[in-house]
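Trainee: no FASTA, just this:
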Ligand code: PEP
């Protein structure tokens, strides 16, 4: 069965609530494609107005982060029940910026993945190697370690429903893109790992995105590869270009 494509924007810490609504309205006619799942992962404060603004469209809303407890004394954090109540469907977990700046390690990310599933949120689980790791030839080993660690205790059925984003760190926000062959090689290695751990049906079902300076110019080539089912887009998600990626 063909996997449905999924193009997600990661808006990061950009867009005030009013700018966010303006962007949704600008993109509305450009992302109208019934054959593709389109997701906007937006800052916490934008979630409520963006959920309202995408009503009646093909766009789902994702969160960029959440905390692993349902409620309590966790000043500044947002829980899965809060996200769900606001209309959020997806959550990004393990983005390299959270691994790096906020010191989220694989043990904690595993808790986040388990909590997302237990709550009914679909994880977009990110993995990716640094420039040094690529140069040292350990990319695939590193990616396998990240994914294996992040998926401890996750069932085959859950994995089949999730999204994994391969995002080489050296390509994020740098304008450097992995070649389509480099991206395909790692996305295939991820699918092979899922087959090893969970069987071929699960591996055939899980959707794997590429992320890292994907734009209107390179999206079609990247998305033509057999194991790349979509994209996680940073910079280009904030521009009309995002519509071109959705339709690539
Ligand atoms: C990202 O941060 O997930 C990302 C892919 O960013 P960019 O597209 O800007 O490289």
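Mentor: Ah, there it is. Keep in mind that what you see is a predicted model, and the values were worked out from it rather than measured.
Trainee: Can stretch 155-168 be said to contact the ligand?
Mentor: Yes. Using Cβ under 6 Å from any ligand atom, we find that stretch 155-168 touches the ligand at residue 167. C-beta: built from backbone N, CA, C; applies to glycine.
Trainee: ok, and the closest non-adjacent residue to residue 144?
Mentor: Distances taken as Cβ to Cβ, 6 or more residues apart in numbering place residue 193 nearest to residue 144, at 5.3 Å, with adjacent residues excluded.
Trainee: Where does the chain get nearest to the ligand, residue-wise?
Mentor: residue 234 (2.1 Å; Cβ to the nearest ligand atom).
Trainee: how many neighbours does that residue have?
Mentor: 20 (other Cβ atoms under 10 Å).
Trainee: quick one on the thing from earlier: ok, the residue nearest to residue 144 - how many residues close by?
Mentor: For residue 193, the count of nearby residues is 18 (other Cβ under 10 Å).
Trainee: if I pick it, what's in contact with it?
Mentor: Applying Cβ atoms under 8 Å, 6 or more residues apart in numbering to residue 193 gives the contacts 143, 144, 147, 148.
Trainee: Check whether the last one sits in a helix, strand or coil.
Mentor: Translated: residue 148. Secondary structure, DSSP: H, G, I helix; E, B strand; the rest coil: residue 148 is helix.
Trainee: and it, how far is that from residue 162?
Mentor: Separation of residue 148 from residue 162 (Cβ to Cβ, to the nearest Å): 15 Å.
Trainee: Let's test this: mean pLDDT of the longest helix that the chain contains, rounded?
Mentor: For the chain, the helix with the greatest residue count under DSSP state H is helix 180-198. Per-residue pLDDT over helix 180-198 has a mean of 98.
Trainee: if we can go back for a sec, so which of residue 148 and residue 162 has more stuff around it?
Mentor: Comparing residue 148 with residue 162 by other Cβ under 10 Å, the one with more neighbours is residue 162, at 23 against 14.
Trainee: Need the nearest residue in space to that one, chain neighbours excluded.
Mentor: Nearest non-adjacent residue to residue 162, counting by Cβ to Cβ, 6+ apart: residue 123, 5.1 Å away.
Trainee: does the ligand sit close to the helix or strand containing the one you found?
Mentor: Following DSSP states H and E, one finds residue 123 within strand 122-127. No. Residues of strand 122-127 are not located near the ligand by Cβ under 6 Å from any ligand atom, the shortest gap being 7.0 Å.
Trainee: Next SSE downstream of that strand?
Mentor: Following strand 122-127 in sequence, per DSSP H and E, is helix 131-135.
Trainee: Quick one: end-to-end distance for stretch 29-43.
Mentor: This stretch, stretch 29-43, spans 22 Å end to end (Cα to Cα, to the nearest Å).
Trainee: what comes up buried for that stretch?
Mentor: 30, 31, 36, 37, 38, 39, 40, 41, 42, 43 (16 or more other Cβ atoms under 10 Å).
Trainee: is residue 62 in a bridge, and if so with what?
Mentor: Residue 62 forms beta bridges with residue 41, residue 90, as assigned by DSSP bridges.
Trainee: Now do the SS call for residue 242.
Mentor: Here residue 242 is helix, with the state taken from three-state DSSP.
Trainee: what does residue 178 give?
Mentor: Assigned with three-state DSSP, residue 178 falls in the coil class.
Trainee: which stretches of this protein form strands?
Mentor: For the chain, applying DSSP state E gives strands covering 5-10, 36-42, 59-63, 90-93, 122-127, 163-166, 207-211, 230-233.
Trainee: Quick check on residue 15: phi, psi?
Mentor: Backbone torsions of residue 15, given as degrees, to the nearest 10, read phi 80, psi 110.
Trainee: what does the protein put close to the ligand?
Mentor: Contact residues (Cβ under 6 Å from any ligand atom) of the chain with the ligand: 10, 167, 172-173, 211-214, 232-236.
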